[in-house]
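S.K.: no sequence for this one, just the structure:
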């Protein structure tokens, strides 16, 4: 994963604890695949509220354009973050062992009127979609991010069209005629 300086980051990814990284790493890898610079930080709403308030209140001045906030359990992080910034906050409910993330989803999605948090699905799907949504926000002003999103959509379409019948094995990728490259799907470990 490419690490960028806080000055370069356009998206902040925050989470309530290090255990949330398993879910939130999906947002990071999605942004990275699209070439969107981001930062990552653990910011607990309950254990480090002063850090949360400082992070959220200074985020826009530091150049962030939106914040993806992942939290499990009571999941106060996205809402408290949204209360301290005018930036869009994208909430990702992290799946918990006890209630499988439903508690997190309800805590994030049921924000009172006046302090919105865009809320996504529980777990990996939510983290990926929050990253894609963050990229869509940036793409309104950034042609490179817009182009990356277009390529991402085209790749999704091509993947479905390559295997229209789920009962059949996926067709191997084929190099273009005259190409000296070998498709990644046909490369073997050790270069053989």
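M.R.: The structure has been received and is ready for your questions. Just so we're clear, the structure is a prediction, and the values are computed from it rather than from any experiment.
S.K.: could you check the distance from the spatially closest residue to residue 73 that is not a sequence neighbour over to residue 129?
M.R.: Spatial nearest neighbour of residue 73, excluding adjacent residues (Cβ to Cβ, 6 or more residues apart in numbering): residue 96 at 5.6 Å. All C-beta atoms are positioned from the backbone trio N, CA, C, and that covers glycine. Distance of residue 96 to residue 129, given as Cβ to Cβ, to the nearest Å: 19 Å.
S.K.: sorry, back to before: residues touching the residue nearest to residue 73, list them.
M.R.: 72, 73, 103, 104 (Cβ atoms under 8 Å, 6 or more residues apart in numbering).
S.K.: Can you add neighbour count and give those back as JSON lines?
M.R.: Shown next, in JSON lines, are the contacts of residue 96 (neighbours: other Cβ atoms under 10 Å):
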{"residue": "72", "neighbour count": "26"}
{"residue": "73", "neighbour count": "19"}
{"residue": "103", "neighbour count": "18"}
{"residue": "104", "neighbour count": "31"}
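S.K.: Grab the most central residue of this structure for me.
M.R.: residue 27 (2.2 Å; Cα atoms, centre = their mean).
S.K.: what packs against the strand or helix carrying it?
M.R.: Residue 27 is located in helix 21-33, with elements delineated by DSSP states H and E. Using 3 or more Cβ pairs under 8 Å, 6 or more residues apart in numbering; DSSP states H and E, the elements in contact with helix 21-33 are strand 11-15, strand 38-42, strand 66-71, strand 89-93, helix 124-139.
S.K.: Please identify the next secondary structure element, helix or strand, after the last one.
M.R.: Sequence order places helix 143-162 as the next helix or strand after helix 124-139, per DSSP H and E.
S.K.: Mean confidence (pLDDT) on that following helix, please.
M.R.: Helix 143-162 shows a mean pLDDT of 94.
S.K.: Name the nearest residue to residue 86, sequence neighbours excluded.
M.R.: residue 60 is the one closest to residue 86 (Cβ to Cβ, 6+ apart), at 6.8 Å.
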